[in-house]
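J.: take this sequence and fold it.
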Amino acid sequence: MVIPDAAPCLFLSHSGADTDGARELKRRLLDSPNARAARLTIWLDKDDLGAGIGWQAQLEKAIIEKATAFAVHIGAKGVVNWVDSEVRLALSRATGTADYPFIPILSRECAGAAALPPFAQQYQGVHDPLNDPEEFAKLLRAVLGRSPSEKTVALENPFVGLKSMTEADADRFFGRNEEIAGLVDKLKPHRLIAVVADSGAGKSSLAQAGLIPAFRGGKLSDMAGREPDDRLWHVVVMRPGRDPIEGLKRGVTEAAERLGRSADQCTGLRKRVDLADPSETAYAIRCDLPVGKAETLLVVDQFEELLTETAEAARAPFVGLLMALATAGGFRIVLTLRADHFNLCRPLANLFEHLTRDNYDAVLRLRRITDAGIAEAVRKPLALAGHTDVVEQDAVITSMMALYAMWQKHSADGAGLLVAYSQVGGVAGALAHGSVVLRPPAVVSVFLRPRAVGSVELGSVERRRVWSWRPAALAAEREAGCRSDS
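T.: Here you go, the predicted structure:
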C-alpha cells in the first residue's frame with residue numbers, strides 16, 4: 001500500500017504509438033515548479049521496467065503499491081493492447097479508494113471520452129494538455145491532489161529570450177497553429193520542402209518547436225497506410241555549417257542518444273554517414289530503426305549556411321544526398337532558408353527546380369506572426385507560469401508589439417536597435433503609428449488616451465484615430481482637475 005504523506009507518484013499508461021506523447025508529458029510535468037516542490041515522480045514503463053522480472057507483475061505492483069494517481073494517455077486508437085488491463089486495474093483501485101485520481105488524458109487525435117471503456121467514462125479527463133495550457137494546469141492539479149481553485153505554476157520561465165526555440169521549448173510555442181498545419185499539408189504531397197522567410201521571422205522555431213512535435217504526434221500517420229501503433233516517428237536535426245556531413249553526423253548522434261543508443265553504437269552510426277553511399281547513410285540517419293515501421297523527418301536548419309559557409313565543391317554532393325533521401329521513401333526533409341538567400345540555390349539545379357515547380361508549391365513562405373498569434377504567444381505561456389490576470393497579460397502584449405515595430409524599423413532602415421526603438425516611440429509609438437494592427441481595448445486603456453480623432457491623410461479617404469502618449473491615470477487626474485476647476 002502507498003505510505004501516507006509520501007511524495008506523489010503518477011503511473012502514466014500509454015500504448016506504443018503514444019510513447020513520444022507520454023514522454024513529453026512526463027518531461028513537462030516533472031519540469032514544472034509545482035511538481036518539483038512536491039517531489040513528484042512519474043512511473044513510465046519505457047523508463048522503469050526492470051530486466052529479468054515479469055513485466056506484468058511490475059506494472060501491477062506500481063499501480064497498486066507505488067502510484068498515488070493513475071493517468072492513461074489516449075491517442076487515435078483509444079485504449080489498446082495491454083493498456084486495457086492497466087486501465088481496469090487502476091479503475092478497480094480508484095473505485096475503492098477516494099483519494100486515488102484516475103485521469104484520462106485525451107489527445108487531440110483521439111475520439112474523446114468514447115475511446116475509454118464504458119465504465120471509465122464517468123471520470124473527468126483532460127483534453128490535449130500538450131497544446132492547451134489550461135488543460136495542462138488541470139492535469140497537474142489532479143496529479144498533485146490540488147483543488148481546482150489553487151494557482152498552478154507549470155512553467156518557471158514562460159519565455160526563451162532571443163534564441164530560437166527547439167523541440168524542448170514546445171511547451172511554450174504558441175501562435176503558429178496555421179503555419180504548422182500548412183507545413184503538414186505540404187509534407188503530404190512533397191517529401192522535401194523549404195520554409196523561407198526573412199531573418200528573425202521564426203523559421204527555426206516553427207520547424208523545431210512547432211512541426212517536430214506535430215510530426216512525432218502522428219500528424220502524417222494517415223500517409224503511412226498502417227495502424228498508428230506500427231509507426232515510429234523519428235527526427236534528426238542538423239545545420240550544414242562549413243561541413244554538412246559533420247553537421248549530419250552530429251544530428252544523427254543526438255537522435256541516437258535520444259533513443260538510448262550506446263556510445264559505441266553512436267560511433268558506428270557516424271562512420272556509416274557517407275556521401276558515396278546514400279543507401280547506407282539512410283540506414284544511419286534512421287538509427288537502424290525498423291525500415292517498415294519508421295518515418296524519419298530530417299530538418300536541415302539554416303540551410304543558407306550551405307550556400308555561404310560550405311565550400312562550393314561540397315554543396316552539390318550534399319544536395320544530391322538530400323534529393324536521394326527524398327525519393328527513397330520513409331524520409332521527409334524540411335529546409336529552413338532565409339529569403340534573401342533563396343536565389344543562391346539556383347546553381348543547385350535539381351533542388352531549385354523542385355522548390356520552384358508548380359508556383360513554389362514545395363515552399364512555405366513564412367509571414368510575420370498574426371496579431372492573434374502574438375496574443376496567444378504571450379497569454380498561453382504566461383498562464384502556464386501562473387500569470388492569468390488579463391490586464392497583466394495585455395501589458396506584456398503591448399511590449400511585444402513595440403519590439404516587433406522596432407525590428408521592422410531596424411530591418412527597413414538599418415537603424416540600430418535602440419535607435420529604432422526610439423524612432424518608433426516605444427510602446428506608445430508602436431500603437432500610435434499603426435505599426436501593429438492589434439490594439440486590444442483593455443491594453444490601449446492602460447497606456448493611452450485619445451486627444452484627437454478624424455485626422456485625414458492627404459490623398460486618402462482613410463480616417464484614423466490619433467493617439468498621444470499620456471498615461472491613463474495622469475489623464476484621468478487632469479480631467480478630474482479640470483472638472484473641479486470648472
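
J.: now the nearest residue to residue 105 once chain neighbours are set aside. Its backbone dihedrals?
T.: Leaving aside its chain neighbours, residue 105 sits nearest to residue 73 (4.7 Å; criterion: CB to CB, 6 or more residues apart in numbering). Where C-beta positions appear, they are placed from N, C-alpha and C, glycine not excepted. Dihedral angles phi and psi of residue 73 (degrees, to the nearest 10) take the values phi -90, psi 120.

J.: what does residue 298 give?
T.: Taking degrees, to the nearest 10, you get phi -110, psi 120 for the backbone angles of residue 298.

J.: so the residue nearest to residue 105 touches residue 13, yeah?
T.: Yes: look at residue 73 against residue 13 with CB atoms under 8 Å: they come within range, at 6.8 Å.

J.: max-length helix in this structure?
T.: In the chain, with assignment by DSSP state H, the single longest helix is helix 390-413.

J.: avg pLDDT for the following helix or strand past that one?
T.: Of the helices and strands lying after helix 390-413 in sequence (DSSP states H and E), the nearest is helix 417-424. Throughout helix 417-424, pLDDT has a mean value of 83.

J.: send me helix 417-424 as PDB with only the CA atoms.
T.: Output in PDB follows, covering the C-alpha atoms of helix 417-424 (Å, rounded to 0.1, in the frame of the first residue of the first chain):
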ATOM      1  CA  LEU A 417      18.000  48.500 -32.400                       C
ATOM      2  CA  LEU A 418      18.000  51.200 -29.700                       C
ATOM      3  CA  VAL A 419      17.700  53.900 -32.300                       C
ATOM      4  CA  ALA A 420      14.900  52.100 -34.000                       C
ATOM      5  CA  TYR A 421      13.100  51.600 -30.700                       C
ATOM      6  CA  SER A 422      13.400  55.300 -30.000                       C
ATOM      7  CA  GLN A 423      12.200  56.200 -33.500                       C
ATOM      8  CA  VAL A 424       9.000  54.100 -33.200                       C
END
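
J.: quick check: buried residues in stretch 185-204?
T.: Using 16 or more other CB atoms under 10 Å as the test for burial, stretch 185-204 gives 186-187, 190-197, 201-204.

J.: so which other helices or strands are in contact with the helix or strand residue 256 falls within?
T.: In the assignment (DSSP H and E), residue 256 maps to helix 244-258. Using 3 or more CB pairs under 8 Å, 6 or more residues apart in numbering; DSSP states H and E, the elements in contact with helix 244-258 are strand 232-238, helix 263-271, helix 278-285, helix 312-328.

J.: change it to 10 Å
T.: Packing partners of helix 244-258 (3 or more CB pairs under 10 Å, 6 or more residues apart in numbering; DSSP states H and E): strand 232-238, helix 263-271, helix 278-285, strand 294-300, helix 304-308, helix 312-328.

J.: elements contacting the helix or strand residue 141 falls within?
T.: Assigned by DSSP H and E, residue 141 falls within helix 133-144. If you count contacts as 3+ CB pairs under 10 Å, 6+ apart, helix 133-144 packs onto strand 9-13, helix 19-31, helix 33-38, strand 69-74, strand 102-106, strand 126-127, helix 371-384.

J.: picking that back up, average pLDDT for the longest helix of the chain?
T.: The pLDDT scores in helix 390-413 average 81.

J.: mind checking how far residue 378 is from residue 180?
T.: Residue 378 sits 18 Å away from residue 180, going by CB to CB, to the nearest Å.

J.: tell me which of the two has more neighbours.
T.: Per other CB atoms under 10 Å, whichever of residue 378 and residue 180 has more neighbours is residue 378, with 24 against 20.

J.: and the more buried one, what does it touch?
T.: For residue 378, the contacting residues are 158-159, 174-175, 387, 393-401, by CB atoms under 10 Å, 6 or more residues apart in numbering.

J.: and the residues you listed, which are buried?
T.: Of the contacts of residue 378, these count as buried by 16+ other CB under 10 Å: 158-159, 174-175, 387, 393-398, 400-401.

J.: what helix or strand is residue 287 on?
T.: Assigned by DSSP H and E, residue 287 belongs to no helix or strand.

J.: that one: what's it in contact with?
T.: Residue 287 is in contact with 232, 234, 236, 252-253, 255-259, 261, 265-266, 269, 294, 296, counting by CB under 10 Å, 6+ apart.

J.: which residue is the nearest non-sequential neighbour of it?
T.: Excluding its sequence neighbours, the residue lying closest to residue 287 (CB to CB, 6+ apart) is residue 256, at 4.8 Å.

J.: contacting residues for that neighbour?
T.: Residue 256 neighbours (CB under 10 Å, 6+ apart): 236, 262-263, 265-270, 284-285, 287-288.

J.: one step back: what's the lowest-pLDDT member of the contacts of residue 287?
T.: Taking these together, the minimum pLDDT is found at residue 232 (81).

J.: wait, doesn't it sit right on residue 290?
T.: Yes: assessed by CB atoms under 10 Å, residue 232 is found in contact with residue 290 at 7.2 Å.

J.: for the two, work out which one has more neighbours and name it.
T.: A count of neighbours by other CB under 10 Å puts residue 232 above the other of residue 232 and residue 290, at 19 against 9.

J.: who wins for proximity to residue 420 among the helices and strands packed on helix 244-258?
T.: Closest to residue 420 of those, according to CB to CB: helix 304-308, at 23.8 Å.
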